[in-house]
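Student: For reference, the sequence and a predicted model appear below.
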Amino acid sequence: MSITLQTAESIERLVDGQFDRKFVDEAAYKMAWQGESADRNPFDAAFTGGMLADRLSWVFVAAYQSALRACFPLIPDRVYSTFAVSENTLDAALPGTSLDASGRLVGTKTWIASSRLVDHLVVTLGPGLDGGLVAAFVGDGAGDGVKLTHRDNPGFLGDMSQGFATFEGTPCTPVLEHRATSFGLAEPFFIAVAGTGYLLREFRRLNLPRQQAAAEQCLPALWSLYGAGFDSDVPLLLELYEAVAGLGKACAAETGNRVGDGDIARDWSANGRLLGMYGGGLRRRVSRRS
């Protein structure tokens, strides 16, 4: 099979205009993601979520949620999760994460994606993987001992809320089944998948059939790599990621020349590096393996 049936059906729905939507805020996009993408496998969820996206922040959200599910298969369905790793190791007022004597989570993580909407956290004990992983719920009725704060006007992917999580004796459970060490490859892979969905939507809107066909041609190779394991062939992942990044540059340039596309052009200017920023890391991985 060159692509999944769900992906093919999503492309048909795109042609019918069923993805021509606008979302007033991240809560509206989350509701659409829960209705369209949350119950699909990570590949189809990322692709459909990218096709739904009317801005690049939502492309990241769709890719990020799929990357999480590919690496942490026990994340519950239909929730927004975050992989909480970052800590401020230089500020004693923000101690890193650990377990207290009762086995509850304490400490602070300094980057939480979708901080205003997150339901579930996968948390490293300490700033890396050596201390282990735990999972905790946040949100209505389940966030005992979790305090979420939010950054004002993040400069990159600013439509997505971003913040801190402070744990004050939070109930948690060990995460024993995971592929956390592959998360650094899962992110660029699913950015490429979600980015392809977004670019198909945009090239169709811009009436650019040649570029739309080029984006669609990325899908069979992406699906094949997903089947083999997104982390099984880093040179191929780099090749596909760079192909999507190149199409993103073409889309950004075309949007910048269109009257009436000011908001979209500004989005590309502020956030377009999303489709290229993982390239350096992938190239370093390839270089180390050669």
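Tutor: In hand now; what should we look at?

Student: export the lowest-mean-pLDDT helix or strand in the chain as CSV, just CAs?
Tutor: The helix or strand of the chain with the lowest confidence, counting by mean pLDDT, DSSP states H and E, is helix 5-15 at a mean of 84. Taking Å, rounded to 0.1, in the frame of the first residue of the first chain, the C-alpha atoms of helix 5-15 are listed here in CSV:
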residue,chain,number,x,y,z
LEU,A,5,-6.8,4.5,3.2
GLN,A,6,-7.5,7.2,5.8
THR,A,7,-4.8,9.4,4.2
ALA,A,8,-6.4,8.9,0.8
GLU,A,9,-9.8,9.7,2.1
SER,A,10,-8.4,12.9,3.7
ILE,A,11,-7.0,14.0,0.4
GLU,A,12,-10.4,13.4,-1.2
ARG,A,13,-12.0,15.5,1.5
LEU,A,14,-9.4,18.2,0.9
VAL,A,15,-10.5,18.4,-2.8
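
Student: That one: what's the following helix or strand?
Tutor: Beyond helix 5-15 on the C-terminal side, the first helix or strand identified by DSSP states H and E is helix 26-36.

Student: Which residues belonging to that next one are considered buried?
Tutor: Across helix 26-36, burial judged by 16 or more other Cβ atoms under 10 Å covers 26, 29-30, 32-33, 36. In this view, the C-beta of every residue, glycine as well, is placed from N, C-alpha and C.

Student: The very next helix or strand once past that helix vs helix 5-15, what angle?
Tutor: Once helix 26-36 ends, the next helix or strand along the chain (criterion: DSSP H and E) is helix 42-52. Here helix 42-52 runs at an angle of 10 degrees relative to helix 5-15 (axes from the mean of the first three to the mean of the last three Cα atoms, to 10 degrees).

Student: Moving C-terminal from helix 42-52, which element do we reach first?
Tutor: helix 56-71.

Student: Between the buried residues of helix 26-36, which sits nearest Ala213?
Tutor: Closest approach to Ala213 among the buried residues of helix 26-36 (Cβ to Cβ): Glu36, at 23.8 Å.

Student: Tell me how far that closest one lies from Gly50.
Tutor: 11 Å (Cβ to Cβ, to the nearest Å).

Student: for Gly96, same thing?
Tutor: Using Cβ to Cβ, Gly96 is found at 34 Å from Gly50.

Student: repeat for Ser2
Tutor: 19 Å.

Student: neighbour count winner among these two?
Tutor: Gly50 (31 against 10; other Cβ atoms under 10 Å).

Student: got TSV for the buried residues of helix 26-36, with distance to Ile11 too?
Tutor: Shown next, in TSV, are the buried residues of helix 26-36 (distance: Cβ to Cβ, whole Å):
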residue	distance to Ile11
Glu26	25
Tyr29	20
Lys30	23
Ala32	18
Trp33	18
Glu36	14
